[in-house]
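Enquirer: here is my input, please return the structure:
(chains A and B, ligands or ions: 5)
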Amino acid sequence: MIFKVCEQEELRRLFDILAADNTVVGPVQTGLDRNGSALNAFKPVADYTNLNLGYTTTKLSAKSYFLPFRESLASFQIDGNDWQKTVDYHCDRPIVFFGLHACDINALNKLDKVLMGNTYPMPYYAAKRKNMFIIGIDCQPQPFCFCRSMGSDTVLHGFDLFITDIGNRYFIEIQSATAYNILARIKTRPPEEVDHLQYMAIAAHKNKQFTSRVDTTDLTKILDMEFQSPVWKQWGDKCLGCGTCANVCPTCYCYGVEETVDIGLRSAQKVKTLYSCNIVDFAEVAGGHNFRSERHTRLKYRYYHKHRGFVEAYEESLCVGCGRCGEACLAGITVPEVIASVRGEES
Amino acid sequence: MDASQAQNRTYLGMPLARPRVAFFELSSCEGCQLQIVNNEANLLDFLSLVTVVNFREAMTEKSDAYDIAFVEGSVTRADEIERLAVIRKNAKVLVAFGSCACFGGVTQLKNRFKDPAWVKKQVYGDRSIQTNDTARPLEDFVSVDLRIYGCPVKKEEVEKIVTHVVLGRSIVQPKYPVCMECKENENTCLFDLGEPCLGPVTRGGCDSWCPNSRFGCWGCRGPAEDANVGQLQVIMKQYGFTEETLLDRLECFGGFAKDAEQLRTNMKLSPRRHEGTK
Ligand code: SF4
Ligand code: SF4
Ligand code: SF4
Ligand code: SF4
Ligand code: SF4
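Expert: Ligands and ions are numbered 1, 2, ... in the order given. Predicted coordinates:
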């Protein structure tokens, strides 16, 4: 691992260098909510001053840039009795992510395992994922963040650079050769002992900020044991079946595919749309039978996929503890509270 | 229709059915039919798939021989009940076209007044007009084969349905609530902005039309499948909205008539809320 330190102004230069040839996507403040708190979103940014690098969180994850909510898998031009198929992975130019938190980079690493690590990788995802340059940035834990419980508060790979604000200068961790070469174009210096100490002090301070947690000890077994627990019904009664939790989640990847023909019968499309296991017809099959017609069985499924099935398959959870689903859920259903209730704890 | 238009189309060599289609309006603003005619480019494509035999907004000829009847509007007069029965008899497939036909729509707002005579006086003054006391959806009088929701219907959705009918494909309408498409459109949730929204309980398919413009949903497409209206009531309260605010929205298009009735009972309001004299 290579570390560097740069002055704050140098980050702007780095931005300008990257923005000259690439689409840069970063956190931008989009407005204020009803309590006067900042609303942030990942948006394409052309001007460094529009970046809000000190952002707390974003309502939606950055998912739409690598798993778009709606994406054409193939289009067909119809010509008499013949047709021409076109496949486009929708990746015209690399994307630079300028300022992803550790949880969101960990989310990408998890998606990589599912979407690229198997026998049939998903080219639509891989094309975009392979054409990314990621700059991670340190964060301040919010009341809803439980990434530390999920082991996602730090990130070990899957990015190019990770920067930490250590007071009027940035501590930089370099993970890729591309990053090393680009950094050569701005002014950096090797860190000194005082920088190490400052970095460690900031990390220690951050660790004390976590207030929300999930106890994952033996969680797969406990979920097995508590499959019939009455708490599922209680949470299910609240659930709106709205799919918002999956839509804001950086790791939910489920989708449906629809084939449509345009009204002129000149072209057809095969379109993929992200879906959610909480939606009423998620487990509906041909013939109309619905394996999970009741809300609580669907809500439960979301937890079993994230905290049991995925753990058994990959030895890690499919939740990075970003807390977005709980924040976005109008019914106030949060991961820490649901897991605590299954464990029979007061949350 | 001229001869060239009546010719059957093919799709990848497959001959296609060419249904005879008729449009009718009962009590409505004709806004749903307008959705069909307001895109001229697609209108030609539409006309090349079906034979339109009755469409007051676009043509003068008329015929009673049709396969599919698109019926817009609610039933508010005695003669409409008779017309609807005839349409039902003639049509193989009867489509409730838009929220008025599906649920009563905006016209059913009059149902909540206690005194129909007062309503009539407010609306028509001294003119003598025959209207029923309540505005009803088509399904209260005839069997309905397909419902196309929306106030107005969404043109893209209608075109998709017609294309699927012609191609012999099944028609799948969204069962999920508006929130699904609202998130896809990356809108800020209106509740976060301090405004109410029926999106979590209303059937999607409108591409979150209203939230896209920062207006909360009023439920024009009726309930999503498995809509949890009880929980939305709890949420509205938590966010500081009155039961009246929720009731106004639930009552607006008629799709949530049962829930509105339930809420009125809970609020200890008379079943027909307004005295009709205020
Ligand atoms: S848990 Fe919350 S966000 Fe998820 S579907 Fe249920 S109500 Fe919607
Ligand atoms: S399940 Fe919730 S907390 Fe976990 S990664 Fe998804 S949005 Fe974040
Ligand atoms: S099954 Fe549910 S929890 Fe799992 S990825 Fe799909 S939507 Fe997310
Ligand atoms: S604005 Fe309305 S439709 Fe959109 S997410 Fe919020 S509640 Fe759902
Ligand atoms: S957002 Fe609601 S009121 Fe607006 S068009 Fe959609 S369903 Fe109708």
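Enquirer: in stretch A:265-278, what counts as buried?
Expert: Judged by neighbour count (16 or more other CB atoms under 10 Å in any protein chain shown), stretch A:265-278 contains these buried residues: A:265, A:267-268, A:270-278. All C-beta spots, glycine's among them, are computed from the backbone N, C-alpha and C.
Enquirer: shaky segments in the chain?
Expert: Just so you know, I chose chain A. Low-confidence segments of chain A, defined by pLDDT under 70, span residues A:347.
Enquirer: my bad, the chain I had in mind was chain B
Expert: In chain B (pLDDT under 70), the answer is B:1-7, B:57-58, B:270-278.
Enquirer: need the contact partners of the helix or strand hosting A:Lys270.
Expert: According to DSSP states H and E, A:Lys270 maps onto strand A:267-274. Applying CB atoms under 8 Å, 6 or more residues apart in numbering or on different chains, the contact partners of strand A:267-274 are A:67-78, A:83, A:124, A:246-247, A:252-262, B:184.
Enquirer: repeat that for 6 Å
Expert: Applying CB atoms under 6 Å, 6 or more residues apart in numbering or on different chains, the contact partners of strand A:267-274 are A:69-77, A:255-261.
Enquirer: what's around the nearest residue to B:Val75 once chain neighbours are set aside, how many residues?
Expert: The shortest distance from B:Val75 to any non-neighbouring residue, by CB to CB, 6 or more residues apart in numbering or on different chains, is to B:Arg136 (4.8 Å). Counted with other CB atoms under 10 Å in any protein chain shown, the neighbours of B:Arg136 add up to 21.
Enquirer: I figured A:Cys91 was touching A:Ala126, is that so?
Expert: No. Using CB atoms under 6 Å, A:Cys91 makes no contact with A:Ala126, being 9.2 Å away.
Enquirer: ok, A:Cys329 - contacts?
Expert: Contacts of A:Cys329 (CB under 6 Å, 6+ apart): A:Cys245.
Enquirer: one more time with 8 Å
Expert: Neighbour list for A:Cys329: A:244-245 [criterion: CB under 8 Å, 6+ apart].
Enquirer: report how many residues lie close to B:Cys220.
Expert: Neighbours of B:Cys220 using other CB under 10 Å come to 27.
Enquirer: where's it relative to ligand 5, distance?
Expert: 3 Å (CB to the nearest ligand atom, to the nearest Å).
Enquirer: residue contacts, that residue?
Expert: By CB under 8 Å, 6+ apart, the neighbours of B:Cys220 are B:99, B:149-151, B:202, B:206, B:252-253, B:255.
Enquirer: now do 6 Å
Expert: B:99, B:151, B:253.
Enquirer: so how many other residues sit close to the last one?
Expert: Read that as B:Phe253. 29.
Enquirer: what distance do you get for it to ligand 5?
Expert: B:Phe253 is 8 Å from ligand 5, by CB to the nearest ligand atom.
Enquirer: how about B:Leu26: what's its closest non-neighbour residue?
Expert: Nearest one to B:Leu26, counting by CB to CB, 6+ apart, is B:Gly73 at 3.4 Å.
Enquirer: the one you found touches B:Cys100, doesn't it?
Expert: Yes. When contacts are counted by CB under 6 Å, B:Gly73 is listed as touching B:Cys100 (4.9 Å).
Enquirer: these two - which one has more neighbours?
Expert: Neighbours per residue, other CB under 10 Å: of B:Gly73 and B:Cys100, the larger number sits with B:Cys100, 32 against 27.
Enquirer: now the more buried one. Nearest residue, chain neighbours left out?
Expert: In space, and not counting its chain neighbours, B:Cys100 is closest to B:Ser74: 4.4 Å by CB to CB, 6+ apart.
Enquirer: ok, the one you found - contacts?
Expert: B:27, B:100, B:104-105, B:107, B:135.
Enquirer: dump the residue contacts of A:Asp104.
Expert: For A:Asp104, counting by CB under 6 Å, 6+ apart, the contacting residues are A:62, A:250.
Enquirer: in terms of helices and strands, where is residue 207?
Expert: Chain wasn't specified; assuming chain A. helix A:193-208.
Enquirer: burial count for residue 49?
Expert: I'll assume chain A. Neighbours of A:Thr49 (other CB under 10 Å): 8.
Enquirer: meant chain B, my bad for not saying
Expert: Residues near B:Leu49, counting by other CB under 10 Å: 22.
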